[in-house]
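*Asks:* From the sequence below, what's the structure:
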Amino acid sequence: MKKFLIQISYTVLPVWLLLVGLAFYLWVTNDNSGDLMRLGLIDSGPEYADSIGTQLLPEVYYTGVDDDRVLRSDTCDVLVIGDSFSHGGGMGKKGDYVNYLAHQSGRKVVVFTPQDPKLSSPMQVAYDVLNLGCIDSTNVKNLVVEEVERYLVDRHCSFVTDHTAFLHPEPSDQAVSAPSQEAGPLMRVKDFVFYRFFGSNPIYKLPLSRPVFGGDEPTKLYFYNEDVKMGFDVTADQQRKIIDCYEKVIAMAREKGVNLVLLVACDKYDMYQDLVTSNPYPAKTLNEDIEQWMASERDCFVFAKRILHPLVEQGVMDVYLFNDTHWSPSSSAIIAGEVIKKLQ
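*Replies:* Residues are numbered from 1 along each chain as shown. The predicted structure follows:
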């Protein structure tokens, strides 16, 4: 027994202590890290999070709904359907553009996120909400649909018009489609070990020609690898499907008498690609392409790149977050102001 305990003290115990120490470190740094740090092992330090945190609103002013049956009876002035940019991405709900939208406009804002984990396309959800009569009786005047650039092509190409109902899966059947923003220390240890030693790191890093971020690496651009893997070389067939998806949602909103605002969230790589030195990746032009394809419906759109990129050119720091794929709270406030201009 003594020999066994001695063997453990030289083998298992050091590994166990290392994992416990790593779990404690990652737990302590959790509040100081964005989604890129959690996956890509970027250490931005607590000072960066503290400085950005001063831009947050004091509370959450909008309401979240995940059941279309509730949506059918919940009146609101503005209904928002989107991805993580619209509910909790970046610095959390207090820093969402939706929160600034509710606070600045003084209107009741509801964010609808369906329970069905397979239904991830905001445009698909928006069409289904309109087509299935989810807001027919609640007199919703404004519908804001936000979607991030990198998934736009794939999501529009899978758009359909024949859904007959929203699914209501049992809790045990629901799947988690993305890492939780509140992942615990053990889950973060798993991610840390996997991406450090075994898996291909999903976060890419590129040098920038000048400082654009606070934190310890102001001239480094960290972003999801999908930013440079998706949304390029759009084929003629894909272009047709993208346009068709937009046109069908716009037509359905008009048929229902709903004012539609389409917000395109720019990929982080796209926002800063002009400043990358010796860029090994091609230029991304999807934002500009959509503007051209949908020129006849320009009044429906808010292109985040058109709004925020001039700030980057002017030398404004932290337009997007250094350690996260989302824009900063100060940018959220600016985007909210542009959306408010489109409301009725």
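*Asks:* helix, strand or coil for the nearest residue to residue 132 once chain neighbours are set aside?
*Replies:* Closest residue in space to residue 132, ignoring its immediate chain neighbours: residue 165 at 6.8 Å, by CB to CB, 6 or more residues apart in numbering. Backbone N, C-alpha and C define where each C-beta goes, glycine included. Secondary structure assignment for residue 165 (DSSP: H, G, I helix; E, B strand; the rest coil): coil.
*Asks:* was I right about residue 165 contacting residue 134?
*Replies:* No - counting by CB atoms under 8 Å, residue 134 is not a contact partner of residue 165; they are 10.3 Å apart.
*Asks:* who has more neighbours, those two?
*Replies:* Between residue 165 and residue 134, counting by other CB atoms under 10 Å, residue 134 is the more crowded of the two (22 against 8).
*Asks:* Contacts only, for that one.
*Replies:* 68, 71-72, 128, 166 (CB atoms under 8 Å, 6 or more residues apart in numbering).
*Asks:* okay, now the closest residue to residue 121 other than its chain neighbours: neighbour count?
*Replies:* Spatial nearest neighbour of residue 121, chain neighbours left out: residue 155 (3.8 Å); criterion: CB to CB, 6+ apart. The tally of other residues near residue 155 (other CB under 10 Å) stands at 19.
*Asks:* got the contact list for residue 155?
*Replies:* Contacts of residue 155 (CB under 8 Å, 6+ apart): 120-124, 147.
*Asks:* So which of those residues are in strands?
*Replies:* Using DSSP state E, the members of the contacts of residue 155 that fall in strands are residue 147.
*Asks:* Would you map the strands across the stretch 51-200 of the chain?
*Replies:* Applying DSSP state E, counting those that start in this stretch to the stretch 51-200 of the chain gives strands spanning 63-65, 78-81, 109-112, 142-148.
*Asks:* Ignore what I typed, I meant the stretch 201-344 of the chain.
*Replies:* When secondary structure is read from DSSP E, counting those that start in this stretch, the stretch 201-344 of the chain shows strands at 203-207, 220-224, 259-265, 301-303.
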